[in-house]
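A.B. asks: return a 3D structure for these sequence lines:
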Amino acid sequence: MFILKGCSVQVIATAVFFIFGRTNKKLMLMKLLDGKVTLITGGARGIGKALAIRFAEEGSLIAISDLRDDEQMQATVDEIAALGVKVKGYASNAASYEDSELLAETVIKDFGRIDVLINNAGITRDNLLMRMSEEDWDAVLSVNLKSVFNLTKAVQRTMLKQKSGSIINMSSVVGVNGNAGQSNYAASKAGMIGFTKSIAQELGSRSVRCNAIAPGFIETEMTHKLPDDVRQQWVSTIPLRRSGKPEDVANVAVFLASELSQYVTGQVISVCGGMST
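C.D. replies: This is a model prediction of the structure:
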């Protein structure tokens, strides 16, 4: 058998296979968001909770905020912690500029950086325009849209310094198509899309990306409260003939947060089963 510096080709080949085999296995075991720090507003329940769990499964460290640090918040934190990643919950009002600044500062102090921001906090106050109060209009625009300004402005400094970051804004197909009885909600979500496209242009030169997701009819605690006939009517308008799951939205968010989408910015991705085309 041919000998190379005292070792047979077979031995060398075995050693190479062992070394590279272990390396490839290690690479295969790496997760899409290993080591990244993700801040999710409205992360204690609904789609926000699904986002937090899915990101943790991909190795991200998790910071979630919600209006109150209640039992639901603690339950979500405990569920994420069981996945073996660092997680902290914060009581913070995303509609408050001061709270948002303090939240970003505290997360950076606790985690060292922020790699991903998901602006997910939102409310509805549905009514026909003729019956909609000024208070309901202002509340929805403040929580849904002003919060996006607040948190994006609060985290942009650290992302610009890092020369990296992904901002994901949770819009809605209602912001794309409109919907009777939801003029305030539609306006807030449409405004979020315009904001997303503008910020993508402002921050792109520093490799900070900004995209939006527009979910359709997604199964959450809120949609479960709808009458069965209303739910069925919604589903009948969806080409895929089913409602979406929070995990459907979370999977797209993982793509936008990871290096798989490093050349994607300023985009709106509808997760709606085809109801918005």
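
A.B. asks: okay, the helix or strand where A200 lies in CSV with CA atoms only?
C.D. replies: Assignment of secondary structure by DSSP states H and E places A200 within helix 183-203. The C-alpha atoms that make up helix 183-203 are tabulated as CSV, following Å, rounded to 0.1, in the frame of the first residue of the first chain:
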residue,chain,number,x,y,z
SER,A,183,-60.7,51.7,8.8
ASN,A,184,-58.5,52.5,11.9
TYR,A,185,-56.8,49.1,11.8
ALA,A,186,-56.3,49.2,8.1
ALA,A,187,-54.9,52.7,8.2
SER,A,188,-52.4,51.6,10.9
LYS,A,189,-51.3,48.5,9.0
ALA,A,190,-51.0,50.4,5.7
GLY,A,191,-48.9,53.1,7.4
MET,A,192,-46.7,50.3,8.7
ILE,A,193,-46.0,49.2,5.1
GLY,A,194,-45.0,52.7,4.0
PHE,A,195,-42.8,53.0,7.1
THR,A,196,-41.1,49.7,6.3
LYS,A,197,-40.2,50.7,2.8
SER,A,198,-38.9,54.0,3.9
ILE,A,199,-36.7,52.6,6.7
ALA,A,200,-35.3,50.0,4.4
GLN,A,201,-34.0,52.8,2.2
GLU,A,202,-32.7,54.8,5.1
LEU,A,203,-30.8,52.0,6.9
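
A.B. asks: how far off centre is the next helix or strand along the chain from it?
C.D. replies: Remark: after helix 183-203, the chain's next helix or strand is strand 208-215, criterion DSSP H and E. With CA atoms, centre = their mean, to the nearest Å as the basis, the distance from the averaged C-alpha position of strand 208-215 to the chain average is 8 Å.

A.B. asks: pLDDT value on the residue nearest the centre of the chain, please?
C.D. replies: Centre of the chain computed as the mean C-alpha position; nearest residue by CA atoms, centre = their mean is I118, 4.1 Å away. Looking at I118, its pLDDT is 98.

A.B. asks: for the protein, which spans come out with low pLDDT?
C.D. replies: 1-29, 222, 225-226, 277 (pLDDT under 70).

A.B. asks: repeat that for 50
C.D. replies: 1-4, 9, 11-28 (pLDDT under 50).

A.B. asks: where along it do the helices fall?
C.D. replies: Counting by DSSP state H, the chain forms helices over residues 9-29, 46-57, 71-81, 97-111, 134-141, 147-162, 173-177, 183-203, 221-224, 228-236, 246-257, given from the N-terminal end onward.

A.B. asks: most tightly packed of those helices?
C.D. replies: Of all these, helix 46-57 carries the top mean neighbour count, a mean of 24, counting by mean count of other CB atoms under 10 Å. All C-beta atoms are positioned from the backbone trio N, CA, C, and that covers glycine.

A.B. asks: in this structure the residue nearest to the centre of the chain contacts T38, no?
C.D. replies: Yes. Between I118 and T38 there is a contact under CB atoms under 8 Å: 6.7 Å.

A.B. asks: identify the contacts common to the two.
C.D. replies: A257 (CB atoms under 8 Å, 6 or more residues apart in numbering).

A.B. asks: that's all I had, so thanks and see you.
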